[in-house]
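Colleague: This is the structure alone, sequence omitted:
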C-alpha cells in the first residue's frame, strides 16, 4: 500500500531523512552526519550521489521501510534558475541544470536528483518545494550601481516561508494578508521582507550580501575587496572562500561555533563580544532596512534558524527592533515538515504543481 512519503534534505555535512504517513505524522527520521574528510573526497557535489544514496537506502532498510510503500518523494531544491514559490515536479530539465551546476555547487542540488532516482524505479513522482532560488523580488530591489550586475534572490526560502506562515497564524491572520520580516540565522543569514505572501526583498546570504554571519562576510566595501583581489596575495577560490565558507565570525575568531562565541562573550572575552555584538547589530540594521521595503507597515518580525535558540542573540536583536512590530522567535528550522506539507497541498490539488522549463 502506497501510504508513505519520503523526504530528503541534503546539507553540506549531513543528510536529513524523514518518512511521513499521508495523515501528516512523521513516523521515522534521522540526521546522518558525514565527516568532512568523507565529503572532501569528492571533487563536485554531484559526485556524492552514490555515497548519499547508500545512506538513504541503509536508513530505509534498517527501519524496515519498503520503497514499494512510497506514494511520492520530496527533495530539497537546489541552485536552479530563479523560480516562483511553490511545489515543482522534478523533470529532466531540472535534473540537467542541477547536475551541471551552472548556477552553483550546493549540497541541496542532490535533493531532487536522489529523490528522482528512487521515484523512477518505483514509478512514482518526485517533487521539490520552495528551493533557495525562489524569486519574488520587486523590480526596484533588483538594480545595483553596475548595469552588468543584478541583485538575485538566494535565501532560506523554505524555512522563511514556513516561519512566516507560523507567524501569521500566531497573530491571527493569513500569510497572504500580512507583512512580515523573517530573519533566518544560521551559518549564513538572510533577512526577508514578506509582503502579502511574496518575498519582495531579501539579502543574498550566499554571495556576501547583508549582515556578517558565522561563515559569511556580509556586505563589505567593494573597493577594498577589489584591492584584495589585485594584491597578488589571493587567488579567486581563496577570495570566494573569504566571502562564504571562511568569512564573517570565522575570519575574525577562527571558529564558527556560535556556542563557543556566546560562551566566551559572556565570560568577558572582549574581542569575542565585539564581533558577536557587531553581527547582531548588523542583523538588526538589516531588519530595519526591510521595514522600509514594506513602507513601515509590518505585522510581525520573526527570528528563526539554529542561532535563535540562544537568548543572548534574540534578546539583543529584540531590543533594537521591537519598536517596529511584534517580535516572535521560532528557534531551529522545520524544513522536513515544510517540504512534506508543501508537496501534499499540491498533490491534493489545493496548490499548483509547477513544471520546470
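Modeller: In hand now; what should we look at? As the structure is a computational prediction, the values presented were derived from the model and not from experiment.

Colleague: what about the strands in the stretch 101-250 of the chain?
Modeller: Here the stretch 101-250 of the chain has its strands, by DSSP state E, counting those that start in this stretch, at 125-129, 179-185, 189-195, 198-202.

Colleague: Contacts for the first one next, please.
Modeller: Right, strand 125-129. Residues outside strand 125-129 that contact it (C-beta atoms under 8 Å, 6 or more residues apart in numbering): 72-77, 86-90, 94, 111-112, 115-116, 118-120, 158, 338-339, 342-343, 346-347, 353. The C-beta positions use only the backbone N, C-alpha and C, and glycine is treated the same way.

Colleague: Mind giving me the ChimeraX command for buried ones among the residues you listed?
Modeller: Burial among the contacts of strand 125-129 is assessed by 16 or more other C-beta atoms under 10 Å; the matching ChimeraX selection reads:
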select :72,73,74,75,76,77,86,87,88,89,90,94,111,112,115,116,118,119,158,338,339,342,343,346,347
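
Colleague: quick one on the thing from earlier: between the strands of the stretch 101-250 of the chain, which gets nearest to residue 331?
Modeller: strand 179-185 (9.7 Å; C-beta to C-beta).

Colleague: need the next SSE after the helix or strand hosting residue 262, C-terminal direction.
Modeller: Assigned by DSSP states H and E, residue 262 falls within helix 258-266. Using DSSP H and E, the helix or strand that follows helix 258-266 in sequence is helix 270-293.

Colleague: Which strands or helices does that next one pack on?
Modeller: Contacts defined by 3 or more C-beta pairs under 8 Å, 6 or more residues apart in numbering; DSSP states H and E place helix 270-293 against strand 179-185, strand 189-195, strand 198-202, helix 248-253, helix 258-266, helix 311-321.

Colleague: now residue 245: how far from residue 183?
Modeller: Per C-beta to C-beta, to the nearest Å, residue 245 is found 21 Å from residue 183.

Colleague: I should have written residue 1 there, sorry.
Modeller: 42 Å.

Colleague: These two: which is more packed in?
Modeller: residue 183 (29 against 6; other C-beta atoms under 10 Å).

Colleague: out of everything not next to it in sequence, what's closest to the more buried one?
Modeller: residue 191 (4.5 Å; C-beta to C-beta, 6 or more residues apart in numbering).

Colleague: give the contact list for the one you found.
Modeller: Counting by C-beta under 8 Å, 6+ apart, residue 191 touches 181-184, 202-203, 210-211, 283, 286-287, 289-290.

Colleague: cool, and residue 257?
Modeller: Residue 257 sits in contact with residue 214, where contact means C-beta under 8 Å, 6+ apart.

Colleague: How about residue 313?
Modeller: 185, 258, 262, 280, 307.

Colleague: got it, and residue 303?
Modeller: So residue 303 contacts 183, 185, 314, 317, 327-330 (C-beta under 8 Å, 6+ apart).
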